[in-house]
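**Q** got a predicted structure here, sequence first:
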Amino acid sequence: MSEIVLQANGLKKSFKSPTGSLNVLRSIDLEVHAGESVSIRGSSGSGKTTLLQLLGGLDVPDSGVVKLQLANQGMISPHRCLGQGVGFVFQNYQLMAELSAWENVALAAQIAGHGESKKEALTLLALVGLAHRAEHMPSQLSGGECQRVAIARALINRPAIILADEPTGNLDEVTGKEVMNLLLEVVAERNAALVLVTHSKEFADRTQRRYFLSSGVLTPA
Ligand SMILES: Nc1ncnc2c1ncn2[C@@H]1O[C@H](COP(=O)(O)OP(=O)(O)OP(=O)(O)O)[C@@H](O)[C@H]1O
Ligand SMILES: [Mg+2]
């Protein structure tokens, strides 16, 4: 079995709500190996986004531990490698409106301290089929094109793992399939692992390991 690139143990997360404490994640254990694809399905409000945010270090668990593989540094907390060990793809793309496509991709490298990266950004835009749109602003791109830019951005720091939260949720059926094909293709090509949150059984079935999130726990689907 290949090396582990993400390890989560005993994750718990609750939120305060007007009607009391909401125990969203009760006990989550998850291991993802290099190059592996894993999907998580679950009803709306079951805690999928909350879980991905904990896995990527965008939020902290109430208890439990997350570790990510960072090149040359072994397994470390996502807070210590934010922007490097993990790439995110969001449902609503989360591109910077005032930056062009290539600048959006390059920004992720700059934030991670990699300096000038226009060449690599252009290479990645070519990889996702958008070489001809590199100078376009997000407002001048279609939804599918925006998500391709976001996929290129997620790859630029060569993360060991990509976390994708309903990446096709805002796209029509045909474009959604194209984007999913591309995502699965590029993660395989770059040997990145993928954790895919999706409502689609069809897309989930294309990943190697499948889970269902319900009542705050993951069960194999
Ligand atoms: N910051 C917060 N404060 C209070 N409650 C929250 C907060 N974030 C999420 N929740 C609640 O936690 C639950 C899980 O939310 P989450 O966004 O993780 O669900 P989800 O599975 O991603 O749903 P969807 O499929 O609709 O995206 C929801 O009931 C939500 O209302
Ligand atoms: Mg969600």
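**A** That came through, no problem. Numbering: from 1, shown residues only. Ligands and ions are numbered 1, 2, ... in the order given.
**Q** from now on I want contacts and neighbour counts done on CA atoms only, so please keep to that.
**A** Fine.
**Q** quick one, what contacts the most centrally placed residue in the chain?
**A** With distances taken as C-alpha atoms, centre = their mean, L163 lies nearest the centre of the chain, 1.9 Å away. L163 makes contact with 52, 56, 86-89, 194-196 under the criterion C-alpha atoms under 8 Å, 6 or more residues apart in numbering.
**Q** do S200 as well
**A** R41.
**Q** how about S139?
**A** A97.
**Q** which element is the residue nearest to the centre of the chain on?
**A** strand 161-165 (DSSP states H and E).
**Q** mind listing what's buried in the following helix or strand past that strand?
**A** Using DSSP H and E, the next helix or strand after strand 161-165 towards the C-terminus is helix 173-189. Using 16 or more other C-alpha atoms under 10 Å as the test for burial, helix 173-189 gives 175-177, 179-180, 182-184, 186-187.
**Q** run through who's touching helix 173-189.
**A** Applying C-alpha under 8 Å, 6+ apart, the external contacts of helix 173-189 come out as 35, 127-128, 144, 147-148, 151, 162, 167-169, 193-194, 203.
**Q** now with 7 Å?
**A** Helix 173-189 has contacts (C-alpha atoms under 7 Å, 6 or more residues apart in numbering) with 35, 144, 148, 168, 193.
**Q** what would that helix look like as PDB? C-alpha coordinates only.
**A** Output of helix 173-189 as PDB, limited to C-alpha atoms (Å, rounded to 0.1, in the frame of the first residue of the first chain):
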ATOM      1  CA  GLU A 173     -24.900  18.200 -16.400                       C
ATOM      2  CA  VAL A 174     -22.700  18.100 -19.500                       C
ATOM      3  CA  THR A 175     -20.200  20.700 -18.100                       C
ATOM      4  CA  GLY A 176     -20.200  19.000 -14.800                       C
ATOM      5  CA  LYS A 177     -19.200  15.700 -16.400                       C
ATOM      6  CA  GLU A 178     -16.400  17.400 -18.300                       C
ATOM      7  CA  VAL A 179     -15.100  19.100 -15.200                       C
ATOM      8  CA  MET A 180     -15.300  15.800 -13.300                       C
ATOM      9  CA  ASN A 181     -13.500  14.000 -16.100                       C
ATOM     10  CA  LEU A 182     -10.800  16.700 -16.000                       C
ATOM     11  CA  LEU A 183     -10.400  16.600 -12.200                       C
ATOM     12  CA  LEU A 184     -10.000  12.800 -12.100                       C
ATOM     13  CA  GLU A 185      -7.600  13.000 -15.000                       C
ATOM     14  CA  VAL A 186      -5.300  15.700 -13.600                       C
ATOM     15  CA  VAL A 187      -5.100  14.300 -10.100                       C
ATOM     16  CA  ALA A 188      -4.200  10.900 -11.600                       C
ATOM     17  CA  GLU A 189      -1.600  12.500 -13.900                       C
END
